[in-house]
Each structure stands twice: as structure tokens, then as C-alpha cells.
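S.K.: Dropping a prediction and its sequence here:
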Amino acid sequence: MKPSAQIAIAAAVTAAVVAGVIARPYLWPGGETKHAHVVGQASAPAGPAIYYQDPDGKPFYSLTPKKTADGRDYRAVPRGADISFDDPEESAAAAPTGRKIKYYRNPMGLPDVSSTPKKDSMGMDYIPVYEGEDSDDGSVKVSPGKIQRTGVKSEPAARRVIRTTVRAPGTIQLDERRVSVIAMRAESYVQKVADVTTGAHVVKGQPLMEIYSPAISSAAAEYISTLNSKVTGGGEGAYGRGSRQRLMNLDVPEAAIVTIEKGRNVPIGIEWTSPRDGIVLERNVVEGMRAQPGETLFRIADHSVMWAIIDVAERDLGAMAVGQRVVVRARSFPGREFSGKISVIYPQIIKETRTARVRVELSNPELLLIHDMYVDAEIETGSGAAVLAVPESAVMDTGSRQAVLVDKGEGRFEPREVKLGHRGEGYVEIREGLADNDPVVTSANFLIDAESNLKAALKGFAEGTQP
């Protein structure tokens, strides 16, 4: 077929497409195949044929007379023929009786109406609009057949518990309350270092080193003198308590002070022990070195409890709350989960990444988690209280406004503006605009919305034509 002939056929058929006659399905429920019907076939069609159509009503067309594969002639379609793909029985059943025609609308869906019957430029009759079909309450009416064909479904708004899982990356950090630093408070000399290295696990009271300090020896001698004077009847008194306190101020371990009290001898070296169970993070001591006051000799951290610092996107910050459950998965241990709760939401935003940080305390009895390890977190947001919710598919969002279509029954649908809340698990919270058990359209709502927009435009033109 020549391109010009194809263009001519497409132009002839386009009118039917715009009018919505080709867009409807051929196969109807029940297994029957229903084809196009020419309305008013009993009367002789006026005018010459503008194209030819398959005699069975199939979507096959020709600009010239043509035969089917079994030798039957294509049907001539004149200019005045009115083509419809509606079921004649349904059309007859749906035709209003005893009602007044309000106006006639363009059969191609154009915003053109008339107060009297007329035809368009292609000879197609304008479609009557009856009173009651074009309601003033803002609702739109859809025929039962169209509801069935487009698959319109409704579901009542109901109260549900909505929970949303926020996924975010993070790192493991030390609990800053469980880190100890061992430093001398007076000039000292390291006489011996225990077999303890960086990364080793130590327990509270385990020997770390032996030191000699002139200041500690002087305080120990003074304390022993006080104890001896008490034995001879002088009594310890406030001076004796002050001597012991001086040893404590020099951070001498309690075990060493007890040894001095029992032996009544000034020790040459004091055994320094670990103040807690933990991992040795730093070991800055060697035998024979001089330790200056304040110099860090050991740094020990308890790994039984760790922090997960989670970087949450700024848009999710409003859903965060202290006490929410968090599941952390370490990339180093696939399949393992560590559970905790949000303990702190840090009050600042990292401007480079537009993220906020939340802190989660995690129990680490097997010492699997180590600081600076990467983890992935899942945070369960939302409260346990039930809220009014509808499926997310029911909401039509224009960006600035959100609306749903309320099913009023008998084919009528009312657009209703709503205010949304939390989303999760396929549902969205409705804070304003709906009540319990209000049925809302959950599928094909955009098709109904398109029809309501068309009817609104036609209604405006109809009002403009009235005197």
C-alpha cells in the first residue's frame, strides 16, 4: 500500500480513536467477541464511502474496495455513518429515559458543546448529556460497563499500624565511657614491662608494668610512719588519713596500697595493674624509660559494648526517635545480626553529605565488632499506634496537592483532598480529608481523574453558552 493511502486511512480512523471507540477492548467477560456496530444500519447511509472496513468489524481498513481471504467484500463506511464499539444491549440499557437533555458535547472529546443536536465536521452526532449526569457536587459519574472494563477497585480506609524501615550505613565506634588511659601523675621510671602488647586482651587487676617513682616512695614512707605511730598508741588521726589519700592522689593502685599497709615496707617498685577488662589499644612503654607526668603509657578499651554511629539522610531525620529498634549487620559477618536501640540523635547536620548521625548501643559479648568497622543498619520508624491509612496507589499526588477518589456508589466518584503522614508497607497515613471506612479507589483512579477533568472543562463551556 502506498504511503499516501496509509496516511488517508490513518486520518479516517483517527476520528474514531479520539472519540474513544477503538481504545475499548474487543474481548468481553464471558468469552464472546463483540465487534464494532454501525448505528442506524436500517436506514440507508448518506454520502459516498470514505473507507472500507472488514465485514466482521475487525480493525482492518482500506481506501478502495477489497475482499477478505475467504472472498467476502469489505463493508463501505459512508461519511454520515456513526461508528460505535459499545454493546448495543448495554447502550440501550444505559440510555436515560424520561430525563431532560442538558446539552450536547463533542463526540471527539473536544471542549465544544451545543444546546441543540448537531453534527461535527465529519458528520458524527454530538453526544447528549442528561440532567444528573453532570453533577454539581464535584463528583464524576462512570457507567457500570466502563467501571468493569477499566478494572476500578475500591478499598475502605482503615486504621493500621504503619512502620517504615529506614536503611542507612554506619561505622562501629568505641563507647567513650569504657576507655581508660594509664598515665603517671609524677615523674617515674619503668623498671619492668609485662608481656602485654597492642591488641592483647587484659582483665582488671592484671599486671602491666613495674615503676619506680621518688614521689610515690616518699608518700609511702610517710604513710608507713603514720601506721607505725598508730601501733605505738599515737593513733592514725587525720594526718594518717591524709597520708593514704596522698598515695591515692598519685593514682597508686589499691592493691599496691594494701601491700604497703600489710608489709610496712617502702617498696622499691610499684606494680601497676589494668583498671578494667578490655583490649590494649596503645602501648607506649619500654623498660628503663622515664615517664613524664601525664604521658600516656597504656590505653585500654572495653569492647563488650560498642556504638554504631549511623548516618541517616536528612529527609528521614523527622522519623527518628530515641528508643527505636535498630538491626545492624556487619559486612564482615554475613548473616549475623546485632540488635540495639537509638540512644542519642546528634543535634547537627553534616553539610557535605546532608546526613545526621544517630547512636546505637550494641552488645558485643563475642567481641566480633571492632571500632571503625562498616555496618548497614535498618531502623524501624513509626509508632505502635494505629492510624487511618489507605493504599499508596489510592493517592493522586500532583506535588503541591494530594487527593483520593471516594466511591460514592452507583458509579459516582468524589475527588477529596487529603493531608498525608507516614508511609510504609504499601500504605500511607491520612491525617485529614477522610473518615473511617470511607471507600477509596485503589486502581484505575487516574482514568477516572482524566474523565473528571474532561467533564469539568465541558461543564465550563456549557455554562459559558447559557445566556
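M.R.: Everything's here; your move.

S.K.: May I have stretch 309-328 as CSV, with CA atoms only?
M.R.: Extracted as CSV, the C-alpha positions of stretch 309-328 are listed here (Å, rounded to 0.1, in the frame of the first residue of the first chain):
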residue,chain,number,x,y,z
ILE,A,309,27.2,5.6,64.5
ILE,A,310,24.6,5.6,61.7
ASP,A,311,24.4,8.3,59.0
VAL,A,312,20.8,9.0,58.3
ALA,A,313,19.6,11.1,55.4
GLU,A,314,18.3,14.5,56.3
ARG,A,315,14.8,13.7,54.8
ASP,A,316,14.5,10.8,57.3
LEU,A,317,15.6,12.7,60.4
GLY,A,318,12.0,13.6,61.3
ALA,A,319,11.1,9.9,61.6
MET,A,320,13.9,9.2,64.1
ALA,A,321,13.2,8.9,67.8
VAL,A,322,15.2,7.7,70.8
GLY,A,323,14.3,4.1,71.7
GLN,A,324,13.5,2.9,68.2
ARG,A,325,14.7,-0.6,67.4
VAL,A,326,17.7,-1.0,65.1
VAL,A,327,19.1,-4.1,63.4
VAL,A,328,22.8,-3.8,62.5
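
S.K.: and the top strand by length along the chain, average pLDDT?
M.R.: Among the segments of the chain that qualify as a strand by DSSP state E, the longest is strand 338-350. The pLDDT scores in strand 338-350 average 94.

S.K.: Tell me how far that strand lies from the chain's centre.
M.R.: Centroid displacement of strand 338-350 relative to its chain, using Cα atoms, centre = their mean, to the nearest Å, is 18 Å.

S.K.: For that strand, output the C-alpha coordinates as PDB.
M.R.: Once side chains and other backbone atoms are set aside, the C-alpha atoms of strand 338-350 remain, and they are given as PDB (Å, rounded to 0.1, in the frame of the first residue of the first chain):
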ATOM      1  CA  PHE A 338      23.200  -7.200  66.200                       C
ATOM      2  CA  SER A 339      20.200  -5.600  67.800                       C
ATOM      3  CA  GLY A 340      20.000  -2.300  69.700                       C
ATOM      4  CA  LYS A 341      18.100   0.900  70.200                       C
ATOM      5  CA  ILE A 342      18.700   4.500  69.300                       C
ATOM      6  CA  SER A 343      20.200   6.200  72.400                       C
ATOM      7  CA  VAL A 344      21.200   9.600  71.000                       C
ATOM      8  CA  ILE A 345      20.300  11.700  68.000                       C
ATOM      9  CA  TYR A 346      23.200  14.100  67.400                       C
ATOM     10  CA  PRO A 347      22.000  17.700  67.100                       C
ATOM     11  CA  GLN A 348      23.800  18.600  63.900                       C
ATOM     12  CA  ILE A 349      23.800  18.000  60.200                       C
ATOM     13  CA  ILE A 350      26.900  17.100  58.200                       C
END
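
S.K.: for it, packing partners?
M.R.: strand 305-313, strand 325-330, strand 355-363 (3 or more Cβ pairs under 8 Å, 6 or more residues apart in numbering; DSSP states H and E). Just so you know, the C-beta spots here come from the backbone N, C-alpha and C atoms, and that holds for glycine as well.

S.K.: now the strands for the stretch 101-250 of the chain?
M.R.: Ranges of strands in the stretch 101-250 of the chain, per DSSP state E, counting those that start in this stretch, are 101-105, 113-114, 127-130, 140-141, 153-156, 158-160, 164-174, 179-183, 188-193, 201-202, 207-212.

S.K.: Mean pLDDT, mean neighbour count and distance to residue 297 added to the ones you listed, as TSV?
M.R.: Compiled in TSV, the strands of the stretch 101-250 of the chain are given as follows (pLDDT from 0 to 100; neighbours: other Cβ atoms under 10 Å; distance: least, Cβ to Cβ, whole Å):
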stretch	mean pLDDT	mean neighbour count	distance to residue 297
strand 101-105	78	19	92
strand 113-114	79	20	93
strand 127-130	76	16	93
strand 140-141	67	20	81
strand 153-156	85	16	69
strand 158-160	88	14	59
strand 164-174	93	17	19
strand 179-183	94	16	5
strand 188-193	94	19	8
strand 201-202	94	16	13
strand 207-212	94	20	7
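
S.K.: Now tabulate these in TSV and tack on distance to residue 414.
M.R.: As requested, those are arranged in TSV below (distance: least, Cβ to Cβ, whole Å):
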stretch	distance to residue 414
strand 101-105	20
strand 113-114	23
strand 127-130	19
strand 140-141	8
strand 153-156	12
strand 158-160	19
strand 164-174	29
strand 179-183	63
strand 188-193	83
strand 201-202	69
strand 207-212	78
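
S.K.: in the stretch 201-350 of the chain, which spans are helices?
M.R.: Chain-ordered helices for the stretch 201-350 of the chain, with DSSP state H, counting those that start in this stretch as the definition, fall at 214-231, 237-249, 254-263.

S.K.: Please identify which of the ones you listed is closest to residue 74.
M.R.: With Cβ to Cβ as the criterion, residue 74 lies closest to helix 254-263 of the helices of the stretch 201-350 of the chain, at 109.0 Å.

S.K.: any residues touching the closest one, and which ones?
M.R.: Surrounding helix 254-263, the residues in contact under the criterion Cβ atoms under 8 Å, 6 or more residues apart in numbering are 205, 220, 223-224, 227, 244, 247-248, 266-267, 270-273.

S.K.: returning to that earlier point: how about the strands of the stretch 101-250 of the chain, which one is nearest residue 326?
M.R.: Taking Cβ to Cβ as the criterion, strand 164-174 is the member of the strands of the stretch 101-250 of the chain that comes nearest to residue 326, at 9.4 Å.

S.K.: now the angle from the closest one to strand 325-330?
M.R.: With axes from the mean of the first three to the mean of the last three Cα atoms, to 10 degrees defining the directions, strand 164-174 sits at 60 degrees from strand 325-330.

S.K.: got any ranges where this structure has weak pLDDT?
M.R.: Applying pLDDT under 70 to the chain flags residues 1-47, 79-99, 108-111, 131-150, 230-240, 445-467.

S.K.: Show me how it divides into domains.
M.R.: 3-88, 147-163+386-465, 165-175+303-381, 185-293 (automatic domain parsing).

S.K.: Now render those domains as CSV, adding distance to residue 106.
M.R.: As requested, the domains of the chain are exported to CSV (distance: least, Cβ to Cβ, whole Å):
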stretch, distance to residue 106
domain 3-88, 9
domain 147-163+386-465, 8
domain 165-175+303-381, 46
domain 185-293, 81
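
S.K.: looking at those, which is closest to residue 115?
M.R.: Residue 115 lies closest, by Cβ to Cβ, to one member of those: domain 147-163+386-465, at 6.2 Å.

S.K.: where's the closest one relative to the chain centroid, distance-wise?
M.R.: In terms of Cα atoms, centre = their mean, the gap separating the centre of domain 147-163+386-465 from the centre of its chain is 21 Å.

S.K.: on that earlier part again, give me the sheet partners of the longest strand of the chain and which way each runs.
M.R.: Looking at strand 338-350 with DSSP bridges, its paired strands and their directions are strand 325-330 (antiparallel), strand 355-363 (antiparallel).

S.K.: among these, which is nearest residue 304?
M.R.: Each of the strands paired with strand 338-350 was checked against residue 304 via Cβ to Cβ, and the shortest separation belongs to strand 355-363, namely 7.4 Å.

S.K.: Parallel or antiparallel, list what pairs with the helix or strand just after the closest one.
M.R.: Beyond strand 355-363 in the direction of the C-terminus, DSSP states H and E gives the next helix or strand as strand 374-381. Based on DSSP bridges, the pairing partners of strand 374-381 within the sheet are strand 164-174 (antiparallel), strand 325-330 (antiparallel).
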